[in-house]
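Peer 1: Starting from these lines, generate the structure:
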Amino acid sequence: MSHIPVLLQTVCEYLELKSGDRVIDATAGEGGYSRAIMNMVGPGGKVLMIDWDEQAITRLRESFKMEIGSGLCVFKKGNFKNLKTIAEGAGWHEVSGIVFDFGTSRLTIKDFGKGFSFNQDEPLEMTYSSEIEEDAGVVVNRYPEQDLKRIFSEFGEERYSGRIARTIVEYRARKQVRTSKELADIVVSAVPRGRQSRIHPATQVFQALRIYVNKELDNISAAFPQAMELLSPGGRMVAVSYHSLEDRIVKNMFRDFGKAGIGDIITKKPVVPEQREIADNPSSRSAKLRCIEKI
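Peer 2: Numbers count the residues shown, from 1 in each chain. Model (predicted):
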């Protein structure tokens with residue numbers, strides 16, 4: 001499956017890059033943003049491509065052989081919560097732009113057998129990296145009912161979090177929950193049939209587990225102050241989020257940077273895809289883009 005970069009032209013427009021600029025793609029994924037950015041900054045410019053997933057880095061090295069040879073890009077494996085350490089370790093102390101796409105990782109690894117999809121029968125892991133010790137299987141099979149309820153409610157905004165948690169605990173008393181399909185079936189059985197909408201009943205539970213296991217929201221909160229430190233005055237950070245929990249953090253942190261006098265919010269309201277893009281790329285449906293410029 002080829003990954004279509006969301007809001008690609010808009011991301012490039014808001015970054016306002018020029019030839020010779022250095023830019024960080026903090027969520028490189030399939031490299032869609034990076035390739036477009038290289039066309040804007042090269043020759044003379046460079047893109048630092050970061051991804052947490054080992055398989056993504058392997059694919060990127062293969063896809064960007066020519067660009068590596070010409071010095072247009074460099075790769076680093078790591079979690080963007082350590083953005084400043086990763087950048088400085090590569091000799092990057094100041095950049096003109098930074099882009100985050102919080103949907104990239106989940107789009108690029110969902111076909112790699114880690115249990116992210118409730119439509120496939122895969123081991124219940126949901127981890128972006130082998131560095132994560134406690135996967136979704138551990139959470140689902142060992143956590144107390146009240147903890148499961150809290151996770152589903154807090155990170156998935158799941159209306160039936162209590163019923164689902166109770167049903168999981170009852171099920172695992174008989175046997176362990178081993179696969180993503182197995183968990184999805186349990187969730188479906190817990191949600192009242194008359195209350196099931198057109199989206200799969202397990203959607204929010206899977207979102208909650210993925211966010212919790214990978215500490216996605218904590219990672220965003222940790223990365224943004226480092227991103228502002230790395231930006232040169234006039235440099236811009238663009239963030240594309242896909243659900244209200246992510247967007248709330250982006251909005252609030254940008255607001256705080258503005259109040260502190262270190263950033264100027266460029267997008268007073270989030271930028272969303274046009275209907276044509278949504279029709280061509282349904283995964284862009286919930287995307288929201290925000291941009292801030294360092295003062």
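Peer 1: And S96, how far from S129?
Peer 2: In this view, S96 and S129 are 28 Å apart by C-beta to C-beta, to the nearest Å. For glycine as for every other residue, the C-beta is placed from the backbone atoms N, C-alpha and C.
Peer 1: what about those two, which has more around it?
Peer 2: Taking neighbours as other C-beta atoms under 10 Å, S96 and S129 compare with S96 leading, 21 against 16.
Peer 1: show me where pLDDT drops low in the stretch 151-295 of the chain?
Peer 2: Within the stretch 151-295 of the chain, the segments meeting pLDDT under 70 span 195-196.
Peer 1: and what of the stretch 1-150 of the chain?
Peer 2: If you take pLDDT under 70 as the line, the stretch 1-150 of the chain has these spans: 1-3, 104-111.
Peer 1: Quick check: which element contains A208?
Peer 2: Using DSSP states H and E, A208 sits within helix 203-214.
Peer 1: Which positions in stretch 139-152 come out as buried?
Peer 2: V139, V140, N141, Y143, L148, K149, R150, I151, F152 (16 or more other C-beta atoms under 10 Å).
Peer 1: Next, the distance between the ends of it.
Peer 2: Taking C-alpha to C-alpha, to the nearest Å as the measure, stretch 139-152 stretches 11 Å from start to finish.
Peer 1: for stretch 81-96, same thing?
Peer 2: With C-alpha to C-alpha, one end of stretch 81-96 sits 19 Å from the other.
Peer 1: Check stretch 130-150 too.
Peer 2: End-to-end span of stretch 130-150 (C-alpha to C-alpha): 25 Å.
Peer 1: Name the residues that touch that stretch?
Peer 2: 54, 79, 115, 123-127, 151, 161-162, 164-166, 168-169, 172, 176-178, 183, 209-210, 212-214 (C-beta atoms under 8 Å, 6 or more residues apart in numbering).
Peer 1: Just the helices from the stretch 1-150 of the chain, written as ranges.
Peer 2: 8-15, 32-41, 54-63, 65-69, 83-89, 104-109, 136-142, 145-156 (DSSP state H, counting those that start in this stretch).
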